[in-house]
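Asks: Requesting a structural model of the entry that follows:
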Amino acid sequence: QVQLVESGGGLVQAGGSLRLSCPASGRTFSSYKMGWFRQAPGKEREFVAAIRWSGGPTYYADSVRGRFTISRDNAKNTVYLQMNSLKPEDTAVYYCAASSTAWGRFEPDDYDYWGQGTQVTVSS
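Replies: The predicted structure follows:
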């Protein structure tokens with residue numbers, strides 16, 4: 001049974017930082033790409049960042065590039081999202097996801113497995 005369990009969300013002031021974690025279990029993810037998505041109230045789920053579990057490129061949404069960093073720790077089977085210079089518009093539920101498809105597509109329906117989400121709230 002595949003499990004992705006996000007943690008690290010919370011309430012932070014604008015300009016602050018948070019680090020989200022997503023330990024993955026239940027299968028071998030070495031050929032997968034891992035992604036972070038977010039969904040604000042009344043909005044569709046949107047792509048934030050992606051990384052290949054085996055290493056190599058990363059990819060970011062324009063809205064977070066330069067502020068967020070996605071990384072993974074193979075020994076801990078965990079993916080991270082370091083979020084700096086947070087803005088009120090970053091407020092959303094953040095989801096970790098895993099996809100077995102090829103690098104190059106970053107839509108929600110491209111991902112096979114999802115975590116339950118963690119709330120990030122940025123106050124102004």
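
Asks: right, and Ser99 touches Trp114 too?
Replies: No. Assessed by C-beta atoms under 8 Å, Ser99 is found out of contact with Trp114, at 10.2 Å. Heads up, the C-betas are built off the backbone N, CA and C, glycines and all.

Asks: who has more neighbours, these two?
Replies: Legend: neighbour count by other C-beta atoms under 10 Å for Ser99 and Trp114, higher for Ser99 (21 against 17).

Asks: How about that one: what's its closest non-neighbour residue?
Replies: Distances taken as C-beta to C-beta, 6 or more residues apart in numbering place Tyr111 nearest to Ser99, at 4.3 Å, with adjacent residues excluded.

Asks: Next, count neighbours for the one you found.
Replies: Look at Tyr111: counted by other C-beta under 10 Å, it has 24 neighbours.

Asks: tell me the contacts of it?
Replies: Applying C-beta atoms under 8 Å, 6 or more residues apart in numbering to Tyr111 gives the contacts Gly35, Phe37, Ala97, Ala98, Ser99.

Asks: Tabulate these in TSV, adding columns for distance to Asn74, secondary structure and pLDDT.
Replies: What follows is the contacts of Tyr111, written out as TSV (distance: C-beta to C-beta, whole Å; DSSP: H, G, I helix; E, B strand; the rest coil; pLDDT from 0 to 100):
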residue	distance to Asn74	secondary structure	pLDDT
Gly35	17	strand	96
Phe37	22	strand	98
Ala97	18	strand	97
Ala98	14	strand	95
Ser99	17	strand	94
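
Asks: where's the residue most central in space within the chain, which helix or strand?
Replies: Ranked by distance to the mean C-alpha position of the chain (C-alpha atoms, centre = their mean), the top residue is Trp36 at 2.0 Å. When secondary structure is defined by DSSP states H and E, Trp36 falls within strand 33-39.

Asks: What pairs with that strand, parallel or antiparallel?
Replies: Strand 33-39 pairs in its sheet with strand 46-52 (antiparallel), strand 92-99 (antiparallel), by DSSP bridges.

Asks: I'd like those strands as TSV, with distance to Arg105 appended.
Replies: Supplementary listing: these in TSV, determined by distance: least, C-beta to C-beta, whole Å:
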stretch	distance to Arg105
strand 46-52	10
strand 92-99	8
